[in-house]
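Colleague: Sequence and predicted structure below; questions after.
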Amino acid sequence: MLHGNEGGTSDAANGELTVPMAWLYAEYIADELLRTGDLMPPTSFEFRAGRDALALTIFLSDAGDELSGIRVVSQLETWSSLTAYDQPWQAWVRARFAERETRARRAGRRSPDLRLATAAWRWLEETELLAPDLDAVPVPEEEDGPQVWTPAWQLGLPLGHLAIHLF
């Protein structure tokens with residue numbers, strides 16, 4: 001079985017399946033960080049948003065296309081700074097994807113890791129979740145307060161950031 005960064009979904013020469021290990025490992029680390037923080041039920045869309053945002057941060061912060069999560073403890077500060085409130089995370093993700101796509105075109109192949117990361121990014125951008133409206137004036141009669149539809153990445157990113165700090 002081949003590592004995901006070595007080619008497409010299969011190796012035509014010997015028929016072996018290519019496994020997207022870098023993405024799967026990034027997703028595993030993000031899942032563990034969020035579970036440790038116990039911020040949301042693991043079955044919720046909010047948890048998925050946090051996991052995907054954090055997995056993208058982990059995956060895309062590794063410039064060498066290696067298994068980013070192997071150095072978890074040494075990378076926590078980097079991931080924390082990338083997911084901080086005042087950082088242009090969305091622009092950073094787009095720039096990193098552009099770099100990865102350029103490398104894939106030059107190599108003549110797109111890794112399954114990049115395909116899965118792209119699917120996660122698409123879900124984060126296109127999905128909206130109902131979240132508390134932090135800019136609204138609270139109404140005393142409302143139990144949960146005003147809510148607004150928010151892109152999933154805007155909800156998941158602070159969850160991922162908080163999970164890093166709670167780890």
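Modeller: Yes, it's here.

Colleague: Could you measure from the nearest residue to Val137 once chain neighbours are set aside over to Leu130?
Modeller: Leaving aside its sequence neighbours, Val137 sits nearest to Pro146 (Cβ to Cβ, 6 or more residues apart in numbering; 8.0 Å). (Glycine included, C-beta is placed from N, CA and C.) As judged by Cβ to Cβ, to the nearest Å, Pro146 and Leu130 stand 11 Å apart.

Colleague: could you pull out the helices for the chain?
Modeller: Using DSSP state H, the helices found in the chain span residues 21-37, 45-60, 72-83, 89-107, 112-126, 152-166.

Colleague: okay, now the residue nearest to Val137: neighbour count?
Modeller: 13 (other Cβ atoms under 10 Å).

Colleague: got it, and Arg109?
Modeller: 13.

Colleague: For Val137, find the nearest of the helices of the chain.
Modeller: Between Val137 and the helices of the chain, the tightest spacing by Cβ to Cβ is seen for helix 152-166, at 20.5 Å.

Colleague: Name the helix or strand of the protein that has the lowest mean pLDDT.
Modeller: strand 2-3 (a mean of 44; mean pLDDT, DSSP states H and E).

Colleague: Any stretches of the chain with poor pLDDT?
Modeller: The model of the chain has pLDDT under 70 over residues 1-17, 63-71, 134, 138-142.

Colleague: The same query, at a cut-off of 80, please.
Modeller: Along the chain, the model assigns pLDDT under 80 to residues 1-18, 63-74, 110, 133-145.

Colleague: Count the neighbours of Ser137 for me.
Modeller: Rather than Ser, residue 137 is Val. Per other Cβ under 10 Å, the neighbour tally for Val137 reads 7.

Colleague: residues contacting Glu99?
Modeller: By Cβ atoms under 8 Å, 6 or more residues apart in numbering, no residues touch Glu99.

Colleague: ditto for Ala120
Modeller: So Ala120 contacts Asp52, Ala55, Leu56 (Cβ under 8 Å, 6+ apart).

Colleague: Disregarding flanking residues, what is the spatial nearest neighbour of the first one?
Modeller: Counting by Cβ to Cβ, 6+ apart, Asp52 lies nearest to Ala120, which is 4.3 Å off, once chain neighbours are set aside.

Colleague: Verify the contact between Thr127 and Pro151 for me.
Modeller: Yes: using Cβ atoms under 8 Å, Thr127 is in contact with Pro151, at 7.3 Å.
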